[in-house]
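*Asks:* the sequence isn't on hand, but the structure is:
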């Protein structure tokens, strides 16, 4: 019977590789459920016999062999799916490469350098700022101050949470002892020698 089951599974495995992957996975799952149901029935039958151990071992071996064949089919299916995805990805990359090759290359950007006379730069740095610049700077400074205050509040909240956890741990009697000072460890190790 064991050879017949394995032969049937092998035959269906070679026929199923070319089939629809979703249908093939459904078939494998259904077959796995049948194997598990057959194993459960054999286990129940074995428990009624006088020699339970050898019967259960044989049932496990049949189950293991059938599941190994199904796993092999599943791996072949996964491998075929992986190869299909790789081929599709390579085709997509080739298509994009062909599209980019067909597109004309963009013209290099032309930049013109405008140089101010040295006196104009010095005069601009000493010129009074426009009022809208001061308002923008004030808004930016207020935003930064707000963000800093939020960070401080978050840090304080984190510290409060840590302190609450430590207090809770201490209340439960699980105090954490600090690590020993290195000189004490060295001295106690030397004393033990």
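*Replies:* Arrived safely. Only a predicted model underlies this, so the values are computations on that prediction, with no experimental measurement involved. Numbering: from 1, shown residues only.
*Asks:* what's downstream of whichever helix or strand residue 144 is part of, the next helix or strand?
*Replies:* Under the criterion of DSSP states H and E, residue 144 resides in helix 131-171. Per DSSP H and E, the first helix or strand lying C-terminal to helix 131-171 is helix 182-192.
*Asks:* average pLDDT across that next one?
*Replies:* Across helix 182-192, pLDDT averages out at 70.
*Asks:* sec struct for the most centrally placed residue in the chain, please.
*Replies:* Centroid check for the chain by C-alpha atoms, centre = their mean gives residue 82 as the closest residue, at 18.7 Å. At residue 82 the chain is in helix, as set by DSSP: H, G, I helix; E, B strand; the rest coil.
*Asks:* element containing residue 37, please.
*Replies:* Using DSSP H and E, residue 37 falls in helix 21-47.
*Asks:* and that helix, how far from the chain's centre?
*Replies:* 31 Å (C-alpha atoms, centre = their mean, to the nearest Å).
*Asks:* would you mark the buried spots in it?
*Replies:* 24, 25, 27, 28, 31, 35, 39, 42, 46 (16 or more other C-beta atoms under 10 Å). Where C-beta positions appear, they are placed from N, C-alpha and C, glycine not excepted.
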